[in-house]
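**Q** I would like the atomic coordinates for the input below:
(chains A and B)
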Amino acid sequence: MHYNLCDMIADITQNAVEAGSSHVTLACIQTPESLDVTVQDNGKGMSTETLRKAEDPFYTDGKKHPNRKVGLGIPFLIQTAEETDGSWNIQSEPGKGTTVTMKFNLANIDTPPVGDMTGLFLEVLTLPGEYDMDINRTDSTAGLDYTLNRNELKDALGGELESAASQILLRHYIADQEKGVKQ
Amino acid sequence: MTLEELRKLRGQMKTEVEKRNTEGKTIQIIVGMGTCGIAAGAKETLNAFLKSIEDKGLADHVMLRQTGCMGMCAHEPTVEVIVPDMPRVIYGDVNASVAKEIVEKHIIGKQLLDKLIIDKPAADIMSK
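**A** Here you go, the predicted model:
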């Protein structure tokens, strides 16, 4: 499984962007007991049959890397959820998009640490491609409740997110939100 | 920080970046962030690059991109580095301290880190 939950969420969110989506929503709702995550995209979606196959680590559609025989993103999610008293659900419709929900039990000793939310958000906001993304983040313990919108941030950063200059500022901006600095 | 403050800070840097881009002299760092890269700690690598680039005052000279698996999962995190007038190389096993070393030796010092070079993406994942 992945080292922490943020890595898992990054992996699943990357799938959403790579599905040719024009819009992706990522919600991370945290309490002392649980982390509830929803990744919703409007990309190409999957049939019920493909979705069932994607749960198998030895399945890949073979398009991204023609000669590879594994696809570990979703199997990692399933493994982690099942071993740590969490839950997961994937709903998908071809041509409409996919919604992945994951619930992690933070009170279970086997649940991986949450990880670095600032790094996660920076990572998924700076993936290659033209897509908009809304991030909703709350953490009841830390008193956090904020949103990030990719197009708005991109516009504020002069229209590009690829330069180190933009990413350094973006990192500081997200870190501020994650520290609960009042706007 | 507010969105307006972010806009203002970026505005102060903008002209420099535009100048570089038109000259086609931008340095590129491409980090492999497939499932394998993520599992091997590519996020820490990405963060280490950002921090080191900021510390060395290179923010306006470098483009930082993410890509998927480069096919050499055993050597993740893998990173491609493109410096104008130098060969394009892919480094393997790039943890946070190697990332710092790449910025200092390769990007600033113009010296390749020979022992960490693993050449180019694996042939079996290249699209035909």
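**Q** make it CA atoms for all contacts and neighbour counts henceforth
**A** Noted.
**Q** and the residue lying closest to A:Asp41 once chain neighbours are set aside, what is it in contact with?
**A** Spatially, and ignoring its direct neighbours in sequence, A:Asp41 is nearest to A:Val24 (4.4 Å; Cα to Cα, 6 or more residues apart in numbering or on different chains). Applying Cα atoms under 8 Å, 6 or more residues apart in numbering or on different chains to A:Val24 gives the contacts A:16-17, A:39-42, A:131-134.
**Q** and A:Val24, how far is that from chain B?
**A** Distance, A:Val24 to chain B, using Cα to the nearest Cα, to the nearest Å: 18 Å.
**Q** can you name the residues bridging to that residue?
**A** A:Asp41, A:Met133 (DSSP bridges).
**Q** same deal with the one 10 residues further on?
**A** Taking DSSP bridges as the rule, A:Ser34 bridges to A:Asn105.
**Q** quick check: it touching A:Phe104?
**A** Yes: shown here, A:Ser34 and A:Phe104 form a contact pair, counting by Cα atoms under 8 Å, at 5.5 Å.
**Q** neighbour count: these two, which is higher?
**A** Shown here are A:Ser34 and A:Phe104; by other Cα atoms under 10 Å in any protein chain shown, A:Phe104 has more neighbours (24 against 16).
**Q** skipping adjacent residues, who's closest to the more buried one in space?
**A** The shortest distance from A:Phe104 to any non-neighbouring residue, by Cα to Cα, 6+ apart, is to A:Gly86 (4.6 Å).
**Q** before we move on, what about A:Asp7?
**A** B:Ile38 (6.2 Å).
**Q** for B:Leu46, see how far away the one you found is.
**A** With distances taken as Cα to Cα, to the nearest Å, B:Ile38 is found 10 Å from B:Leu46.
**Q** what does chain B have sitting close to chain A?
**A** By Cα under 8 Å from any Cα of the partner chain, the residues of chain B that approach chain A are B:1-4, B:6-7, B:9-11, B:13-14, B:34-35, B:38-39, B:43, B:47, B:50-51, B:53-54, B:59-67, B:124-127.
**Q** one more pass at 7 Å, please.
**A** B:1-3, B:6-7, B:10, B:35, B:38-39, B:43, B:50, B:59-60, B:62-66, B:124-125 (Cα under 7 Å from any Cα of the partner chain).
**Q** show only the entries of these found in strands.
**A** Counting by DSSP state E, the part of the residues of chain B next to chain A found in strands is B:62-66.
**Q** so, low pLDDT: which residues of chain A?
**A** Applying pLDDT under 70 to chain A flags the ranges A:1, A:62, A:65-70, A:181-183.
**Q** now the helices for chain A?
**A** A:5-18, A:48-54, A:73-83, A:117-125, A:150-156, A:164-178 (DSSP state H).
**Q** report all helices and strands that the first one contacts.
**A** What that stands for is helix A:5-18. helix A:73-83, helix A:117-125 (3 or more Cα pairs under 7 Å, 6 or more residues apart in numbering or on different chains; DSSP states H and E).
**Q** which two in the contacts of A:Val24 are spaced the farthest apart?
**A** Farthest-apart pair in the contacts of A:Val24 is A:Val39 and A:Tyr131; separation 14.1 Å (Cα to Cα).
**Q** ok, those two, which is more surrounded?
**A** It is A:Val39, of A:Val39 and A:Tyr131, that has more neighbours when counted by other Cα under 10 Å, with 22 against 16.
**Q** not counting sequence-adjacent ones, nearest residue to A:Leu148?
**A** Distance criterion Cα to Cα, 6+ apart; nearest residue to A:Leu148, sequence neighbours excluded, is A:Ile135 at 5.0 Å.
**Q** hmm, that neighbour is touching A:Ile29, no?
**A** No: counting by Cα atoms under 7 Å, A:Ile135 does not reach A:Ile29; the two are 10.6 Å apart.
**Q** how about the residues of chain A by chain B?
**A** Residues of chain A lying near chain B (Cα under 7 Å from any Cα): A:2-3, A:7, A:11, A:65-67, A:72-73, A:119, A:127-128, A:156-158, A:162-166, A:168, A:173, A:176, A:183.
**Q** narrow these to those that are buried.
**A** Neighbour counting by 16 or more other Cα atoms under 10 Å in any protein chain shown classes A:2, A:7, A:11, A:65, A:72-73, A:119, A:127, A:156-158, A:162-166, A:168, A:173, A:176 among those as buried.
**Q** which residues in chain B form strands?
**A** B:27-32, B:62-67, B:79-82, B:89-91.
**Q** as JSON lines, the ones you listed with mean pLDDT and distance to A:Lys53 would be great.
**A** Output for the strands of chain B, formatted as JSON lines (pLDDT from 0 to 100; distance: least, Cα to Cα, whole Å):
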{"stretch": "strand B:27-32", "mean pLDDT": "94", "distance to A:Lys53": "25"}
{"stretch": "strand B:62-67", "mean pLDDT": "92", "distance to A:Lys53": "25"}
{"stretch": "strand B:79-82", "mean pLDDT": "94", "distance to A:Lys53": "31"}
{"stretch": "strand B:89-91", "mean pLDDT": "93", "distance to A:Lys53": "33"}
